[in-house]
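> Got a predicted structure here, sequence first:
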Amino acid sequence: MTQVTVSPVTDFAALEDRWRGLEARANGSFFQGWTWTGCLAEERFTDPLLVEAREAGRTVALALFNRRRSRLRGDTLFLGESGARAFDCIYIEHNGVLAEAGREQELSTACLRAAHCMARGWRRNRLMLSGVDDVTAAVARCVAAVVSAGRTRPALFVDLVRLRQERVDYLDRRSANTRQQIRRSDRAYGSLTVRRARNAAEAHAMLDVMVPLHQATWTARGQPGCFAEPFFGRFHHALIDRGMARNEIDMLRVEAGTGVVGILYNFRYRGRSAAYQSGFVYDMANPRMKPGLTCHHQAIRYSLENGIDYYDFLAGDDRYKHSLADQGIRLHWLTADSAWSPAMWSGPAQTVTAQLRRFRS
């Protein structure tokens with residue numbers, strides 16, 4: 001019999017042992033692993049609640065929420081996030097309940113129901129579920145009376161296993177226009193090499209080179225860039241220390257001769273390399289040079305040569321992701337609420353009507 005409990009977290013060090021133990025038996029993402037979840041957790045989770053499912057004394061599912069209180073709305077529980085923009089700027093994806101492999105839907109249902117219904121009386125907790133897949137989205141619709149979608153974005157990737165099995169060149173599967181742009185750009189750069197950071201010191205140094213390149217690109221577009229948030233840089237320097245020790249960080253420096261073309265900050269986890277952040281050197285004098293395309297192309301080839309199964313571009317509808325990827329899934333940003341929440345009545349009339357119809361059915 002599955003027993004589900006909801007309790008405050010008072011000792012993150014003790015929680016790490018249970019989390020790592022379950023992580024080894026789950027098919028979770030890097031964002032569900034303790035390297036990410038536990039990074040600066042004491043700072044990010046100001047009112048942490050742990051939902052734990054156990055069977056015969058064994059932990060079979062875990063979900064970490066941060067609770068934020070409101071007299072009007074009641075409690076809101078954020079899965080894997082803080083609910084504060086200053087901390088959530090790190091942007092979680094491939095989020096969800098960490099569950100034993102093969103039982104994700106069943107155990108996610110039990111855990112989300114417990115989190116949603118733990119409040120006393122008629123009021124239910126509001127759940128904020130960011131970057132979750134179709135399975136968790138379906139579970140949320142079973143658990144809560146009202147589920148509203150903030151947005152849905154594709155998460156595109158390259159299936160490197162298939163390329164190896166079929167013994168085809170990566171570029172042969174791209175469109176004629178993409179092949180031409182990549183080959184022309186690579187020729188313009190000449191000899192290209194990829195160097196992976198061998199230790200934390202090298203990874204920190206590469207991140208320090210990447211940050212101004214990344215920021216320059218975004219400020220040129222009139223946007224602040226993610227490293228404008230002080231916490232973002234602190235978090236990722238801490239994450240590098242944690243991840244490099246476990247071989248979970250791919251900090252890749254792409255060079256042409258002795259010059260930097262760009263730096264990719266990827267997560268390596270269970271055969272998947274996830275392209276999280278980047279910084280590129282743009283040469284406006286030579287429009288043939290496409291540093292983003294060239295760097296990702298070289299990183300994909302590097303991943304092929306080093307036994308990576310999937311090269312993941314993470315969430316986003318950018319054109320280059322569609323050009324370079326061959327498969328994808330959907331990720332959702334959802335709010336799961338009760339039928340009588342004030343949030344239900346704040347939307348357009350047709351949305352409220354649809355929600356009431358669904359609740360009554």
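Everything's here; your move. All figures in this text were calculated on a predicted structure; none of them were measured in a lab. Residues are numbered from 1 along each chain as shown.

> How about Tyr302, nearest residue that isn't a chain neighbour?
Val194 (4.5 Å; CB to CB, 6 or more residues apart in numbering). Heads up, the C-betas are built off the backbone N, CA and C, glycines and all.

> Follow the chain on from the helix or strand that contains the one you found and name the next helix or strand.
In this assignment (DSSP states H and E), Val194 forms part of strand 192-196. Counting by DSSP H and E, the next helix or strand C-terminal to strand 192-196 is helix 200-220.

> how far does that next one sit from the chain's center?
Relative to its chain's centre, helix 200-220 lies at 20 Å (CA atoms, centre = their mean, to the nearest Å).

> ok now do the residue nearest to Tyr302, which residues does it touch?
Leu252, Arg253, Val254, Glu255, Gln298, Ala299, Arg301, Tyr302 (CB atoms under 8 Å, 6 or more residues apart in numbering).

> mind running it again at 6 Å?
Going by CB atoms under 6 Å, 6 or more residues apart in numbering, Val194 touches Leu252, Val254, Gln298, Tyr302.

> circling back: partners of the strand holding Val194, with directions?
strand 249-256 (antiparallel) (DSSP bridges).

> could you dump the partner strand to PDB, C-alpha only?
Taking C-alpha atoms only, strand 249-256 is exported to PDB below (Å, rounded to 0.1, in the frame of the first residue of the first chain):
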ATOM      1  CA  ILE A 249      28.300  19.500 -16.700                       C
ATOM      2  CA  ASP A 250      29.400  19.900 -20.400                       C
ATOM      3  CA  MET A 251      31.100  23.300 -20.600                       C
ATOM      4  CA  LEU A 252      32.300  23.400 -24.200                       C
ATOM      5  CA  ARG A 253      34.600  25.900 -25.800                       C
ATOM      6  CA  VAL A 254      34.500  26.000 -29.600                       C
ATOM      7  CA  GLU A 255      37.600  27.400 -31.200                       C
ATOM      8  CA  ALA A 256      38.700  28.400 -34.700                       C
END
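
> Can you list the buried residues in the helix or strand following it?
As assigned by DSSP H and E, the chain's next helix or strand after strand 249-256 is strand 259-269. For strand 259-269, burial by neighbour count (16 or more other CB atoms under 10 Å) applies to Val260, Val261, Gly262, Ile263, Leu264, Tyr265, Asn266, Phe267, Arg268, Tyr269.

> Then stretch 218-234?
For stretch 218-234, by 16+ other CB under 10 Å, it's Gly225, Cys226, Phe227, Glu229, Phe231, Phe232.

> who does the closest residue to Arg268 other than its chain neighbours bridge with?
Distances taken as CB to CB, 6+ apart place Asp250 nearest to Arg268, at 4.6 Å, with adjacent residues excluded. Counting by DSSP bridges, Asp250 forms beta bridges with Asn266.

> From Ile240, how far off is Asp250?
Applying CB to CB, to the nearest Å, the value for Asp250 to Ile240 is 11 Å.

> Could you do Asp326 as well?
Relative to Ile240, Asp326 is positioned 30 Å away (CB to CB).

> swap in Val60?
As judged by CB to CB, Val60 and Ile240 stand 31 Å apart.

> One more: Ile92?
In terms of CB to CB, Ile92 sits 17 Å off from Ile240.

> More neighbours: those two, which one.
Ile240 (23 against 20; other CB atoms under 10 Å).

> quick one, what contacts that one?
Ile240 touches Ala200, Ala203, His204, Ile249, counting by CB under 6 Å, 6+ apart.

> tally of neighbours for the second one?
Looking back up the chat, that one is Ala203. 23.

> Assumed Leu156 was part of a strand.
Yes - under DSSP: H, G, I helix; E, B strand; the rest coil, Leu156 sits within a strand.

> about what we covered before: which one of the buried residues of stretch 218-234 is nearest to Arg69?
Using CB to CB, Phe231 comes nearest to Arg69 of those, at 22.0 Å.

> who are the neighbours in contact with the closest one?
Ala86, Phe87.

> Look at it and give its secondary structure.
helix.

> Please read off the pLDDT at it from the model.
In this model, Phe231 is scored at 96, pLDDT.

> quick one on the thing from earlier: farthest pair in the buried residues of stretch 218-234?
Checking the buried residues of stretch 218-234 with CB to CB, the most distant pair is Gly225 and Phe231, at 13.8 Å.

> before we move on, the earlier item: what mean pLDDT does the strand holding Val194 get?
97.

> and the angle for it with helix 200-220?
When axes from the mean of the first three to the mean of the last three CA atoms, to 10 degrees is applied, the directions of strand 192-196 and helix 200-220 differ by 120 degrees.

> What residues of strand 192-196 count as buried?
Under 16+ other CB under 10 Å, the buried positions of strand 192-196 are Leu192, Val194, Arg196.
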